[in-house]
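# sequence and predicted structure, then a few things I'm wondering about:
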Amino acid sequence: MLIYSRDSFKFSKDEILVDVRSPEEFEADHICGAINLPVLNDSEFEQVGKLYKQNSPFEASKVGSALVASNIAQHLEKFFSDKRKESRIVFYCARGGKRSQAFATVCKMVGWEPAVLKGGYKAYRKHVLSTIQKFADSKRFIIIGGRTGVGKTDVLEFMRSHGHAVLNLEKLANHRGSILGAPPSRKQPKQKLFESAIYEEIINIGECDPIFLESESSKIGNLLIPPEIWQSMKRSPTFIIDNTLENRVNYILESYDPDFLLEEELPKLISIIERKHTNINVEELNHLIEIKNWRSLVSLLITDYYDPLYNHSIRRRLDQTISCIKTLQPIKDSFSDLRRKILFSLNKYLSQTSS
């Protein structure tokens with residue numbers, strides 16, 4: 001049987017990459033593009049594990065093999081029923097051991113020429129972490145900062161659309177921070193899956209340099225930015241974008257869903273403010289929520305809560321700040337001008353630091 005091993009962990013589109021681990025393992029993290037065909041479901045995996053520890057490896061193997069055989073049979077009947085003999089199938093489990101070897105052996109007997117990923121998920125995970133480390137050590141980061149509502153994420157995406165290398169961590173974390181938080185359509189990924197998404201983005205970026213990122217705290221929602229990237233971000237040159245309060249409020253009202261905020265995010269935010277920011281008038285905030293005066297609510301949150309937090313955090317980055325770029329236009333009308341000013345100041349900064 002072939003043992004499939006590539007340093008890059010890249011797979012072609014015509015290969016069927018099969019993760020045979022349990023659904024819980026798969027949800028926590030998996031190789032991009034893999035499908036989950038578990039040879040043991042979550043409860044079966046737990047059952048076999050207990051037998052291994054409490055009884056013996058032999059008892060665990062006897063029960064596990066019967067379950068694995070039954071599950072493989074179901075996958076053959078359903079998923080593989082229409083797959084041609086020429087199909088290129090790659091299996092992996094946690095370490096490239098029994099679970100992936102079992103599935104590959106059955107497929108080999110059928111007539112396919114399957115492969116098993118050497119080292120399995122563990123080898124992939126090690127490669128992800130080492131790639132993130134090399135990326136953080138070798139690339140120049142340029143940070144885009146600014147107060148809540150200046151549209152930093154959209155500025156990044158505009159720059160990406162014009163050919164610049166961008167690592168949009170909020171997009172990968174499925175969380176826009178500040179007032180919006182997590183969108184209602186999809187929950188945040190698990191921490192390891194978030195890091196795998198960063199790895200895939202790094203692969204897509206390739207040799208491009210510098211890399212534009214949004215100014216972040218060390219966490220995005222419930223997820224931690226990989227410490228190597230976070231430490232590099234803290235040392236990186238920063239552009240501050242500024243806009244009028246009116247334009248920032250309009251941007252937030254256009255971008256965010258008040259009904260979702262009312263259900264999910266605002267109660268959490270009010271709770272935090274009550275516990276940690278006694279100087280803010282919570283009674284007024286609750287009244288504005290009750291009468292659904294979103295414009296006044298957003299304005300008050302920006303001026304009394306988010307801006308003071310931002311002012312505190314930006315003081316720690318003053319040494320890294322290249323320039324503050326101001327605009328009086330609505331944010332969505334400012335992208336071209338902001339990009340032009342950022343590139344002009346960046347080129348000037350790079351020429352000065354390289355001389």
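Nice, I can see it.

# give the buried residues for the helix or strand hosting I314.
For I314, the enclosing helix or strand under DSSP states H and E is helix 307-314. Of all the residues in helix 307-314, those buried under the rule 16 or more other C-beta atoms under 10 Å are D307, Y310, I314. Glycine gets a C-beta too; all of them are placed from N, C-alpha and C.

# cool, stretch 85-100 as well?
Result for stretch 85-100 [16+ other C-beta under 10 Å]: buried residues I89, V90, F91, Y92, C93, A94, G96, K98, R99, S100.

# now stretch 264-274
Residues of stretch 264-274 classed as buried: E264, E265, L266, L269, I270, I273 (neighbour count, 16+ other C-beta under 10 Å).

# just stretch 25-35 next, same as before
For stretch 25-35, using 16+ other C-beta under 10 Å, the buried residues are E25, F26, D29, H30, I31, A34.

# could you dump these to TSV with distance to A115, pLDDT and secondary structure?
Listed next are the buried residues of stretch 25-35 as TSV, based on distance: C-beta to C-beta, whole Å; pLDDT from 0 to 100; DSSP: H, G, I helix; E, B strand; the rest coil:
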residue	distance to A115	pLDDT	secondary structure
E25	20	98	helix
F26	19	98	helix
D29	21	98	coil
H30	17	98	coil
I31	14	97	coil
A34	14	97	coil
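
# what mean pLDDT does the helix ranked longest in the chain get?
Criterion DSSP state H: the longest helix present in the chain is helix 57-78. Helix 57-78 carries an average pLDDT of 95.

# circling back to that earlier point, out of the buried residues of stretch 85-100, what pair is the most spread apart?
I89 and A94 (18.4 Å; C-beta to C-beta).

# what ranges do the strands span in the stretch 1-150 of the chain?
Counting by DSSP state E, counting those that start in this stretch, the stretch 1-150 of the chain has strands at residues 2-4, 15-19, 35-36, 88-92, 115-117, 141-146.

# check those for me and report the most buried one.
strand 115-117 (a mean of 25; mean count of other C-beta atoms under 10 Å).

# per-residue pLDDT, the nearest residue to H30 once chain neighbours are set aside?
Of all residues not flanking H30 in the chain, D19 sits nearest, at 5.1 Å (C-beta to C-beta, 6 or more residues apart in numbering). As predicted, D19 sits at a pLDDT of 98.

# now for D19: which residues touch it?
Taking C-beta atoms under 8 Å, 6 or more residues apart in numbering, we find D19 in contact with E25, F26, H30, I31, A34, I35, N36, L37, Y92, C93, Y121.

# for the fourth one, what are phi and psi?
Backbone dihedrals for I31, given as degrees, to the nearest 10, come out at phi -70, psi 130.

# my guess is it contacts Y121. True?
Yes - counting by C-beta atoms under 8 Å, I31 touches Y121, with 7.3 Å between them.

# what do the two both touch?
Both I31 and Y121 are contacted by D19, Y92, under the criterion C-beta under 8 Å, 6+ apart.

# would you list the strands of the stretch 1-150 of the chain in a markdown table and tack on distance to P237?
Shown next, in a markdown table, are the strands of the stretch 1-150 of the chain (distance: least, C-beta to C-beta, whole Å):
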| stretch | distance to P237 |
| --- | --- |
| strand 2-4 | 42 |
| strand 15-19 | 39 |
| strand 35-36 | 42 |
| strand 88-92 | 40 |
| strand 115-117 | 40 |
| strand 141-146 | 6 |
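
# who touches stretch 271-278?
I280, V282, L285, Y305.

# what about those, which are in strands?
Assignment to strands by DSSP state E places none of those there.

# just the buried ones among these, please.
Buried among the contacts of stretch 271-278 (16+ other C-beta under 10 Å): I280, L285, Y305.

# from N281, how far out is the closest residue to K219 other than its chain neighbours?
Using C-beta to C-beta, 6+ apart and skipping residues adjacent in sequence, the residue nearest K219 is I225, 7.1 Å away. When distance is defined by C-beta to C-beta, to the nearest Å, I225 is 33 Å away from N281.
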